[in-house]
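# Only the shape, not the letters, is given here:
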């Protein structure tokens, strides 16, 4: 089977990190080679960039600097991890990817999509084959995410996170063939079942 690239997206606290791990475990149990990776991060360089991006002390970071750091991490991640795995026929499950940049920097920060799409094109960034948008009300997601710690993005106000969610839903409408909206309300097993039902059908296995 040819490698497939699957990303999981959503607002803070939607459960995508847990669901990404469960999905990889399920695929492996089905005999399908799969790896889990994340953004920002996924490589040694990317993880260093992640530390900068999420550190709450960096309150003076401009929106454009933030955007370019995400793009830099992604390019390294794509060429070092994602493309080699896909070429080897492996399923790649990624916790956040380009749609997060569109939602957070494009809609949340107000940079718009034109600049982002131009950077994506110029950098030769590959889109996922399937994107799962785990949708949940912002207030519920933030209450989950802030239960223990709060990074630089989680610390943003409710208006910012509402714009991010609205952006994600707009992207779902814009790319309906690629982005599948999954109800992320319910227990972890319930959401996992919804995801697996859709993915196994899409992979036709």
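Nice, thanks for sending it over. Owing to the predicted nature of the structure, the values given are computational and were not obtained by experimental measurement.

# Please make it C-alpha for all contacts and neighbour counts, starting now.
Will do.

# Which parts of the chain are helices?
16-29, 44-54, 63-77, 83-87, 98-101, 113-122, 138-145, 158-174, 188-203 (DSSP state H).

# quick one: contacts of the third one?
Contacts made with helix 63-77 from outside it, assessed by Cα atoms under 8 Å, 6 or more residues apart in numbering, are listed as 39-43, 45-46, 49-50, 53, 97, 101, 105, 109, 111, 119-120, 123, 125.

# Could you turn the buried ones of those residues into a ChimeraX selection?
Selection of the buried residues among those in ChimeraX, burial being defined by 16 or more other Cα atoms under 10 Å:
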select :39,40,41,42,43,46,49,50,53,97,101,105,109,111,120,125
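
# So the residue nearest the centre of the chain versus residue 11, what's the distance?
Centroid-nearest residue in the chain: residue 96, 1.4 Å away (criterion: Cα atoms, centre = their mean). Remark: distance between residue 96 and residue 11 (Cα to Cα, to the nearest Å) = 10 Å.

# so what's residue 78 closest to, chain neighbours aside?
If the residues on either side of it in the chain are set aside, residue 78 comes closest to residue 125, at 7.3 Å by Cα to Cα, 6 or more residues apart in numbering.

# wait, what's in contact with the one you found?
Taking Cα under 8 Å, 6+ apart as the test, what residue 125 contacts is 74-75, 78.

# Compare those residues and tell me which is most surrounded.
residue 74 (26 neighbours; other Cα atoms under 10 Å).

# Tell me the pLDDT of it.
We have a pLDDT of 98 for residue 74.

# Same question for residue 120.
97.

# give the contact list for it.
residue 71.

# For it, give its distance to residue 150.
29 Å.

# For burial, what's the neighbour tally of the residue lying closest to residue 163 once chain neighbours are set aside?
Residue nearest to residue 163 in three dimensions, not counting chain neighbours: residue 108, with 5.1 Å by Cα to Cα, 6+ apart. Residues lying near residue 108 (other Cα under 10 Å) number 22.

# ok, residue 108 touching residue 160?
Yes. Assessed by Cα atoms under 8 Å, residue 108 is found in contact with residue 160 at 5.3 Å.

# if we can go back for a sec, would you mind finding the most buried of the helices of the chain?
Each of these was scored by mean neighbour count; the highest is helix 98-101, a mean of 22, by mean count of other Cα atoms under 10 Å.

# so how far is it off the chain centroid?
6 Å (Cα atoms, centre = their mean, to the nearest Å).

# Need the contact partners of it.
9-10, 67, 70, 116, 127, 168, 171.

# rerun at 7 Å
Helix 98-101 is contacted by residues residue 9 when judged by Cα atoms under 7 Å, 6 or more residues apart in numbering.

# same question, stretch 34-54
Under Cα under 7 Å, 6+ apart, the answer for stretch 34-54 is 21, 24, 27-28, 66, 69-70, 73-74, 76-77, 90-97, 151-153.

# quick one: terminal-to-terminal distance for it?
27 Å.

# and the residue nearest to residue 163, how far is that from residue 166?
Counting by Cα to Cα - residue 108 and residue 166 are separated by 9 Å.

# No more questions from me, cheers.
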